[in-house]
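Trainee: Attaching a predicted model along with its sequence, questions to come.
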Amino acid sequence: MAISVAQRQSWDRIISSASEIEELALKVESCGGVYFVPAFTGLFAPWWRDDARGVCIGITRFTSKAHIARAVLESMCFQVKDVLDSMHKDAGEGGEVKNEKGEFLLRVDGGATVNSLLMQIQADLLGSPVERPADIETTALGAAYAAGLAVGFWIEDEIFSSEEKLKTATIFRSTLNEELRKKKVESWCKAVSRTFDLADLSL
């Protein structure tokens, strides 16, 4: 496939830092049929294929770096869905905790969750709400609480009775219809299958 000089130059640097990816991915409404599977060291749960290698497929002459950026975000969400689907299957109905509305609620934290587009894509692909807490670094917060409790700086009632964090949590709900969700998942699985048996490419 021939790539123009202008296109090649525009791809020289897709992003300089992770914080730029949301703005770039928002420039397009979809990944334009591009799928990115980061099987750089094989695929783990639930695929378990150590012969898989990373691929970026579906690229056409109309593909821009915004499509690539959005495909990368989608790949993160597809991987979460793969693992959750496997967990739901193993746990069965009795092992699935639902909220008062009967919905499975995915609670998230960590640096990547600051990306609101990523959170919306996750909710769309799961078909379930995603809850982002007010303080996304809950691991560090938990360590601070534990240390404070240990030295008597706080008491448990001060920490666990406060509903301030819950009030400011952000809930992302799916806006994707079931038919489109199913098609996207099928396309993802097809993309994943293309990564298999590629370990010998390095020979």
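Mentor: All right, it came through fine.

Trainee: Please read off the pLDDT at residue 15 from the model.
Mentor: Each residue has a pLDDT score; the one for residue 15 is 86.

Trainee: The one 3 residues further on now?
Mentor: In this prediction, residue 18 carries a pLDDT score of 87.

Trainee: Next, the contact list for it, please.
Mentor: Contacts were defined as Cβ atoms under 8 Å, 6 or more residues apart in numbering; by that measure residue 18 touches 111, 112. Just so you know, the C-beta spots here come from the backbone N, C-alpha and C atoms, and that holds for glycine as well.

Trainee: Phi and psi next, for residue 92.
Mentor: Dihedral pair for residue 92: phi 80, psi -180, per degrees, to the nearest 10.

Trainee: now it: how far from residue 61?
Mentor: Summarising the geometry, the distance separating residue 92 from residue 61, computed by Cβ to Cβ, to the nearest Å, is 47 Å.

Trainee: in the protein, which residue is closest to the centre?
Mentor: The geometric centre of the chain, computed from its C-alpha atoms, lies nearest to residue 77 (Cα atoms, centre = their mean), at 2.8 Å.

Trainee: and that one, what element?
Mentor: helix 65-91 (DSSP states H and E).

Trainee: Please spell out which residues along that helix are buried.
Mentor: Using 16 or more other Cβ atoms under 10 Å as the burial criterion, the residues of helix 65-91 that qualify are 65-82, 84.

Trainee: Output the contacting helices and strands for it.
Mentor: In terms of contacts (3 or more Cβ pairs under 8 Å, 6 or more residues apart in numbering; DSSP states H and E), helix 65-91 is packed against helix 21-25, strand 35-37, helix 116-126, helix 178-193.

Trainee: change it to 6 Å
Mentor: With contacts taken as 3 or more Cβ pairs under 6 Å, 6 or more residues apart in numbering; DSSP states H and E, helix 65-91 sits against helix 21-25, strand 35-37, helix 116-126.

Trainee: Return the distance of that helix from the chain's centre.
Mentor: Between the mean C-alpha location of helix 65-91 and the chain-wide mean there is a distance of 5 Å, by Cα atoms, centre = their mean, to the nearest Å.

Trainee: same question for it, mean pLDDT?
Mentor: In this model, helix 65-91 has a mean pLDDT of 95.

Trainee: Once you drop chain neighbours, what's closest to the residue nearest to the centre of the chain?
Mentor: When the adjacent residues along the chain are set aside, residue 77 lies closest to residue 122, with 4.4 Å between them (Cβ to Cβ, 6 or more residues apart in numbering).

Trainee: which ones are touching the residue lying closest to residue 38 once chain neighbours are set aside?
Mentor: Distances taken as Cβ to Cβ, 6+ apart place residue 54 nearest to residue 38, at 5.2 Å, with adjacent residues excluded. Under the criterion of Cβ atoms under 6 Å, 6 or more residues apart in numbering, the contact list for residue 54 reads 38, 39, 40.

Trainee: what about the last one, how many residues close to it?
Mentor: Counted with other Cβ atoms under 10 Å, residues neighbouring residue 40 total 9.

Trainee: Cheers, nothing more for now.
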